[in-house]
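J.: Here's my sequence, what's the structure:
(one chain, ligands or ions: 1)
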Amino acid sequence: MRRTLLIASLAVAGMLAAACGSSGSGDAGDSGSSSGTSGSQPSGSGQSGSTEGGAGGDVGIFTWWADGSEKDGLDALVKIFGEKYPNDKFVNLAVAGGAGSNAKAKLAADLQAGNPPDSFQGHAGAELTDYINNGQIEPLDDLYKAEGWNDVFPKDLLARLTVDGHIYSVPSNIHRANVVWANNEVLTKAGLDPKSPPKDIDAWIADMDKIKASGVDTPLSIGGTWTQVELLETVLISDLGADGYNGLFDGKTGWDSDGVTKAIEHYKTLLSYANTAADGDDWPGATDMVIDGTAAYNVMGDWAVAEFNSKNKKDGEDYSYFAVPGQDGVYDFLADSFTLPKGAKNPEGTKDWLRTIGSADGQKAFNLAKGSIPARTDVAADDFPPYQQWAMDQFKKDTIVSSIAHGAAVSLGWGTDISNAVSKFYGSKDVAELQAALVQAAQNNMK
Ligand code: GAL
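T.: Below you'll find the predicted structure:
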């Protein structure tokens with residue numbers, strides 16, 4: 001089943017995009033208009049607020065948006081939740097650590113122990129399918145119908161939230177993982193033009209040599225293991241192309257192929273230009289190295305733009321961004337979505353939270369703060385700053401592929417096996433050993 005979903009979802013070039021990010025009627029009336037009494041009462045065309053002031057009681061929300069700009073995004077949602085549902089009390093169950101590096105283990109233990117939060121974040125695609133196949137989350141078909149959401153989210157995104165005809169979560173955003181963030185001053189000093197990004201990985205490495213020669217020891221910044229997985233996945237996209245990369249997840253591309261060897265060699269070379277990182281180092285530290293000029297480049301998902309904003313850096317003046325070299329026209333995609341776990345203590349409160357996530361004003365407030373673009377198609381692009389306008393435009397045109405590091409392409413178990421292999425490689429730098437471990441991970445986990 002999962003494989004069917006994946007194959008279907010990987011064949012999406014431009015389709016998600018066709019629907020997403022288009023300028024629409026803006027913040028189309030999702031706030032207010034609370035009427036009716038039951039969370040599952042139909043409330044008409046896309047209107048939310050089908051409980052008067054909310055169900056009441058604690059609503060425990062589990063995320064890893066615990067600090068900094070990620071918490072700012074969560075706070076923006078919580079504000080709207082409070083306005084729409086004043087009876088409900090938001091309880092923050094966030095566990096710090098980018099990409100859920102600590103949160104996912106805690107969540108798994110809580111779910112296993114029959115102690116779920118009222119809602120948790122799960123990535124659209126393979127990761128969410130795990131929770132569905134494990135019987136850990138409830139379908140939300142009625143809520144989708146009542147809120148009119150089948151018409152406002154891109155069809156191919158909905159397909160990634162659906163198993164056996166039932167839909168299981170509400171997407172809050174769409175992030176892009178394959179972005180290079182660059183410090184303009186550092187590039188200029190090295191004789192490079194921030195407006196002319198390198199064309200492929202080899203040209204990028206040549207630019208890093210120039211940056212080193214200009215006196216910057218670590219042209220590339222990295223954080224802990226998951227940021228390294230993200231870097232590796234982007235190199236795989238460059239060296240295999242979008243189709244070749246997609247084939248890694250359905251068996252059409254061998255993990256033992258020459259293309260993967262080439263990518264690992266490239267990845268090894270890139271690491272030789274990077275700072276030393278410990279397993280648990282989080283992403284803001286790596287992005288801050290670009291902000292403060294101790295590095296020229298950081299490959300990071302577009303939550304990074306919120307970090308630049310929080311340090312008052314100016315788009316185009318202080319920093320620039322471009323797709324990882326060799327993959328212009330490819331959008332390495334992930335989407336956060338929120339669930340109703342089986343056995344949640346306050347399921348009606350959860351539905352209030354989910355209505356907030358799915359509302360146009362919730363999506364606008366959250367994504368403005370988070371750096372991502374709205375999953376809904378009716379939130380106006382004009383209301384967003386330049387980065388997100390660029391991302392919305394690219395998302396419409398680009399070939400969409402799924403992120404490994406952020407649960408879109410691989411299941412939780414597969415992701416863990418890849419992370420362990422990448423972590424080991426950071427110490428060993430043994431290309432053959434990493435490739436063998438990636439082959440093994442695919443054998444163990446591909447369904
Ligand atoms: C991703 C998540 C993003 C962002 C990032 C860094 O997995 O989808 O929303 O939080 O991790 O923590």
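J.: what's the closest non-adjacent residue to residue 388?
T.: Distance criterion C-beta to C-beta, 6 or more residues apart in numbering; nearest residue to residue 388, sequence neighbours excluded, is residue 373 at 5.4 Å. (Glycine included, C-beta is placed from N, CA and C.)
J.: Could you check how many residues crowd around the residue of the stretch 101-250 of the chain found nearest the ligand?
T.: Residue nearest to the ligand within the stretch 101-250 of the chain: residue 175 (5.5 Å; C-beta to the nearest ligand atom). Neighbourhood size, residue 175 [other C-beta atoms under 10 Å]: 23.
J.: Next up, the contacts around it.
T.: 301, 302, 303, 333, 334, 335, 336, 370, 371, 372, 406 (C-beta atoms under 8 Å, 6 or more residues apart in numbering).
J.: Out of these, name the ones that lie in strands.
T.: Per DSSP state E, strands hold the following members of the contacts of residue 175: 333, 334, 336.
J.: possible to save these as CSV with pLDDT and neighbour count?
T.: Listed next are the ones in strands among the contacts of residue 175 as CSV, based on pLDDT from 0 to 100; neighbours: other C-beta atoms under 10 Å:
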residue, pLDDT, neighbour count
333, 97, 28
334, 98, 25
336, 98, 27
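J.: So which of those reach the ligand?
T.: Residues of the ones in strands among the contacts of residue 175 in contact with the ligand (C-beta under 6 Å from any ligand atom): 334, 336.
J.: could I get the ones in strands among the contacts of residue 175 as TSV with distance to residue 170?
T.: Formatted as TSV, these follow (distance: C-beta to C-beta, whole Å):
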residue	distance to residue 170
333	17
334	15
336	10
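J.: Can you get me a residue count around residue 108?
T.: The tally of other residues near residue 108 (other C-beta under 10 Å) stands at 15.
J.: Setting the sequence-adjacent residues aside, check what's closest to it.
T.: residue 412 (7.7 Å).
J.: OK, contacts around the one you found?
T.: Applying C-beta under 8 Å, 6+ apart to residue 412 gives the contacts 104, 108, 127, 130.
J.: By neighbours, which of those wins?
T.: Within the contacts of residue 412, most neighbours by other C-beta under 10 Å means residue 127, with 24 neighbours.
J.: Now that residue: phi and psi?
T.: Main-chain torsions, residue 127, degrees, to the nearest 10: phi -60, psi -50.
J.: I'd say it and residue 408 touch.
T.: Yes: proximity of residue 127 to residue 408 meets the contact threshold set by C-beta atoms under 8 Å, at 7.3 Å.
J.: for whichever residue of the stretch 51-200 of the chain sits closest to the ligand, what are its contacts?
T.: Taking C-beta to the nearest ligand atom, the ligand has its nearest neighbour within the stretch 51-200 of the chain at residue 98, 3.4 Å off. Residue 98 is in contact with 64, 70, 223, 226, 227, 282, 283, 284, counting by C-beta under 8 Å, 6+ apart.
J.: Number of residues surrounding the third one?
T.: Pointing back at residue 223 there. Neighbour count of residue 223, defined by other C-beta under 10 Å: 28.
J.: Redo the contacts of residue 412 as TSV? Include secondary structure.
T.: Converted to TSV, the contacts of residue 412 look like this (DSSP: H, G, I helix; E, B strand; the rest coil):
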residue	secondary structure
104	helix
108	helix
127	helix
130	helix
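J.: closest to residue 185 among those?
T.: Closest to residue 185 out of the contacts of residue 412 is residue 104 (37.3 Å), distances taken as C-beta to C-beta.
J.: Apart from its neighbours in sequence, what residue is nearest the closest one?
T.: Nearest non-adjacent residue to residue 104, counting by C-beta to C-beta, 6+ apart: residue 412, 6.8 Å away.
J.: Same question for residue 122.
T.: That would be residue 128: by C-beta to C-beta, 6+ apart, it lies 4.7 Å from residue 122.
J.: can you tell me the helix or strand for the one you found?
T.: Residue 128 belongs to helix 126-133 when assigned by DSSP states H and E.
J.: ok, how many other residues are close to residue 261?
T.: Applying other C-beta under 10 Å, we find 16 residues neighbouring residue 261.
J.: Now do it against residue 439, distance only.
T.: Distance of residue 261 to residue 439, computed by C-beta to C-beta, to the nearest Å: 11 Å.
J.: Kindly report the same for residue 370.
T.: Using C-beta to C-beta, residue 370 is found at 36 Å from residue 439.
J.: Comparing those two, which residue is more hemmed in?
T.: It is residue 370, of residue 370 and residue 439, that has more neighbours when counted by other C-beta under 10 Å, with 25 against 16.
J.: which residues sit in contact with the more buried one?
T.: Shown in contact with residue 370 (C-beta under 8 Å, 6+ apart): 69, 70, 72, 73, 76, 173, 175, 303, 306.
J.: go on, residue 295?
T.: Here residue 295 is in contact with 183, 186, 216, 218, 219, 220, 221, 274, 275, 286, 289 (C-beta under 8 Å, 6+ apart).
J.: mind redoing it with 10 Å?
T.: Residues in contact with residue 295, defined by C-beta atoms under 10 Å, 6 or more residues apart in numbering, are 181-183, 186, 211, 216-222, 273-275, 286-289.
J.: The residues you listed in strands, which ones?
T.: Per DSSP E, the subset of the contacts of residue 295 in strands is 181, 182, 183, 220, 221.
J.: what's the farthest-apart pair in the contacts of residue 412?
T.: Using C-beta to C-beta, those span at most 11.6 Å, a distance reached by 108 and 127.
J.: Relative to residue 157, how far out is the residue most central in space within the chain?
T.: Among the residues of the chain, the one closest to the centroid is residue 334, at 3.8 Å (C-alpha atoms, centre = their mean). Noted for residue 334: a distance of 11 Å to residue 157, by C-beta to C-beta.
J.: before we move on, what about residue 69?
T.: From residue 69 to residue 157 the distance is 24 Å (C-beta to C-beta).
J.: Over to residue 269?
T.: Residue 269 is 35 Å from residue 157, by C-beta to C-beta.
J.: more neighbours, those two?
T.: Legend: neighbour count by other C-beta under 10 Å for residue 269 and residue 157, higher for residue 157 (26 against 15).
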